[in-house]
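> What follows is a predicted structure for the sequence shown.
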Amino acid sequence: MSRLDSFIRRLQAQKACLEQAARLIEPLRGPILEIGLGNGRTYDHLRELFPNRAIFVFDKRVAGHPHCIPDSKHLILGDICETLLVANQRIAQPAALAHVDCGTGDASKNARLMSDISDALLSLMGKNSVIVSDQKISSSLAHTLSLPEGVAPGRYFMYQC
């Protein structure tokens, strides 16, 4: 499979998982967390899915499209391993959904990062909240959810807290 085909399938999986997560968290209160702004495509999609919810975005630096950058109140910049640890002071309520998109293409580096941030991320999540991630999370606090139809196992991951 070409890298282009792989990228397209990843984005299709991401979209399907986020839309399933939107249905699952409909009865829940709480903000949305976007871990990794990148160019802002997913953040823009989250704004459409959740027009009435606060969306807090975490990234090391801003590199997004100008129309896809949150305001300063909702943008948390810095090392994710550090910013997640203190984010509850800023967010002030448990999150209903977190989307994690911080994979690098290096499997061992990704596994270390997820290991480093999992506890802090899970501490920000509310009861029955959902995490949609491009990386696997290993924690007894995150229970694997079924993926939407057409999403291959291992392409994307969904968890309930």
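Noted; the coordinates are in hand.
> Please make it C-alpha for all contacts and neighbour counts, starting now.
Fine.
> Give me the residues contacting stretch 82-89.
With contacts defined as C-alpha atoms under 8 Å, 6 or more residues apart in numbering, stretch 82-89 is touched by 58, 76, 77, 94, 117, 120, 121, 124.
> Which helix or which strand is home to the fifth one?
Which is residue 117. helix 107-123 (DSSP states H and E).
> buried residues in the helix or strand hosting residue 83?
Counting by DSSP H and E, the element that carries residue 83 is helix 80-91. For helix 80-91, the neighbour count (16 or more other C-alpha atoms under 10 Å) marks 80, 83, 84, 87, 88, 91 as buried.
> repeat for stretch 145-155
Judged by neighbour count (16+ other C-alpha under 10 Å), stretch 145-155 contains these buried residues: 147, 148, 151, 155.
> what's the last one in contact with, if anything?
This means residue 155. 10, 13, 134.
> The second one looks like it's in a helix, true?
Yes. Going by DSSP: H, G, I helix; E, B strand; the rest coil, the assignment for residue 13 places it inside a helix.
> can you pull the pLDDT of it?
pLDDT recorded at residue 13 is 94.
> and it, how many neighbours?
22 (other C-alpha atoms under 10 Å).
> cool, and residue 160?
Applying other C-alpha under 10 Å, we find 21 residues neighbouring residue 160.
> what bridges to it?
Assessed by DSSP bridges, residue 160 has beta-bridge partners residue 130, residue 143.
> mind exporting the helix or strand of the chain with the lowest mean pLDDT as CSV, just the C-alpha atoms?
Least confident helix or strand of the chain, by mean pLDDT, DSSP states H and E, is helix 107-123 with a mean of 88. Taking C-alpha atoms only, helix 107-123 is exported to CSV below (Å, rounded to 0.1, in the frame of the first residue of the first chain):
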residue,chain,number,x,y,z
ALA,A,107,6.7,2.8,16.9
SER,A,108,9.1,2.7,19.9
LYS,A,109,9.0,6.5,20.3
ASN,A,110,5.2,6.5,20.1
ALA,A,111,4.9,3.8,22.7
ARG,A,112,7.2,5.7,25.1
LEU,A,113,5.2,8.9,24.6
MET,A,114,1.9,7.2,25.2
SER,A,115,3.3,5.5,28.3
ASP,A,116,4.6,8.9,29.5
ILE,A,117,1.2,10.8,29.0
SER,A,118,-1.4,8.1,29.7
ASP,A,119,-1.8,8.7,33.4
ALA,A,120,-2.0,12.4,33.1
LEU,A,121,-4.5,12.2,30.2
LEU,A,122,-6.7,9.7,32.0
SER,A,123,-6.7,12.0,35.1
